[in-house]
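Asks: Need a 3D model of the sequence below.
(4 chains)
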Protein chains: 2
Amino acid sequence: MEPHEPDLTAVPVTSVLAALADDVRLQIVRALAEGGESPCGSFDFGVSKATRSHHLKVLREAGLTRTRAAGTSRLVRLRRDELDKLYPGLLDAVLTQRPPA
Amino acid sequence: MEPHEPDLTAVPVTSVLAALADDVRLQIVRALAEGGESPCGSFDFGVSKATRSHHLKVLREAGLTRTRAAGTSRLVRLRRDELDKLYPGLLDAVLTQRPPA
DNA sequence: GGCGTCGTTCGATAGTTGTCGAACAACGGT
DNA sequence: ACCGTTGTTCGACAACTATCGAACGACGCC
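Replies: Next up is the predicted model:
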């Protein structure tokens, strides 16, 4: 099965933004930025595993993450270097948790 | 009628990102960044005026633009200062036109 | 006052997306 | 070989969104 991890330059900006424009996915990205490479199962944000898998797929296909198999789990990591290079400031602007109100 | 121009800090990041995650709206934002305050009618990107009005509303309600009446037209402008302050790097990262391929 | 321009709003529609449970697949341990 | 764990995939369904034409409203001008 192809991992579908596209070249970031081939992904339209709108797709990158759309991938980030979801609360669950943004939490995943934040967790990845803080905790580094993590297994899929570590992202427990109140959605079913089917939904979580869906969101991880969106992130992967938008070029935001890479996934590799590791035994029984799959490790996900942020493609931070590439993102910072192609869209300097994007992640920083989005990652900093805003005050709730 | 209230113009619905929210305080940027009250708009969830996901809404800001969602507003930018559309090709037509991104073109509008780019045009605004380049040309400054412009009338609605100047954004002719192959959609009907109804659709254009819809996109401008999305941008306005996401806190990205401000609109003011001026005679028979309405002038739209980017809230760049506020955006750059709250999300430094966001606009810059998104505004720079990528090479098509 | 009447007309044309500019823009918004309404209702409809087609497409996309987030969500779930259930079924399936892969792997490690016992 | 069997299980339990971990993820993915498959419908299905509800909610949202982009799009349009048509109707409407506001303004300036003749």
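
Asks: any idea how far residue B:16 is from the residue of chain A found nearest DNA strand D?
Replies: Per CB to the nearest atom of the strand, the residue of chain A with the smallest distance to DNA strand D is residue A:41, at 2.5 Å. In this view, the C-beta of every residue, glycine as well, is placed from N, C-alpha and C. Separation of residue A:41 from residue B:16 (CB to CB, to the nearest Å): 30 Å.

Asks: Same question for residue A:64.
Replies: 17 Å.

Asks: try residue A:85
Replies: 23 Å.

Asks: the more surrounded of residue A:64 and residue B:16?
Replies: The neighbour comparison of residue A:64 against residue B:16 (other CB atoms under 10 Å in any protein chain shown) goes to residue A:64, with 27 against 24.

Asks: low-confidence ranges in chain A?
Replies: Chain A contains residues with pLDDT under 70 at A:1-3, A:98-101.

Asks: Near chain B, which residues of it are found?
Replies: Taking CB under 8 Å from any CB of the partner chain as the contact definition, chain A meets chain B at A:9-10, A:12-15, A:17-18, A:20-23, A:26, A:87-90, A:92-94, A:98-99, A:101.

Asks: which of the residues you listed are buried?
Replies: For the residues of chain A next to chain B, a burial check counting by 16 or more other CB atoms under 10 Å in any protein chain shown picks out A:13-15, A:17-18, A:20-22, A:26, A:87, A:89-90, A:92-94.

Asks: And for the nearest residue to residue A:51 once chain neighbours are set aside, the neighbour number?
Replies: Nearest residue to residue A:51 in three dimensions, chain neighbours excluded: residue A:24, at 7.4 Å (CB to CB, 6 or more residues apart in numbering or on different chains). Residues contacting residue A:24 under the criterion other CB under 10 Å number 18.

Asks: buried ones in the helix or strand harbouring residue A:24?
Replies: Using DSSP states H and E, the element containing residue A:24 is helix A:23-35. Using 16+ other CB under 10 Å as the test for burial, helix A:23-35 gives A:24-26, A:28-32.

Asks: Stretch A:52-70 too?
Replies: A:52, A:55-56, A:58-67.

Asks: my read: residue A:88 touches residue B:91, true?
Replies: No - counting by CB atoms under 8 Å, residue A:88 sits too far from residue B:91 to count as a contact (11.7 Å).
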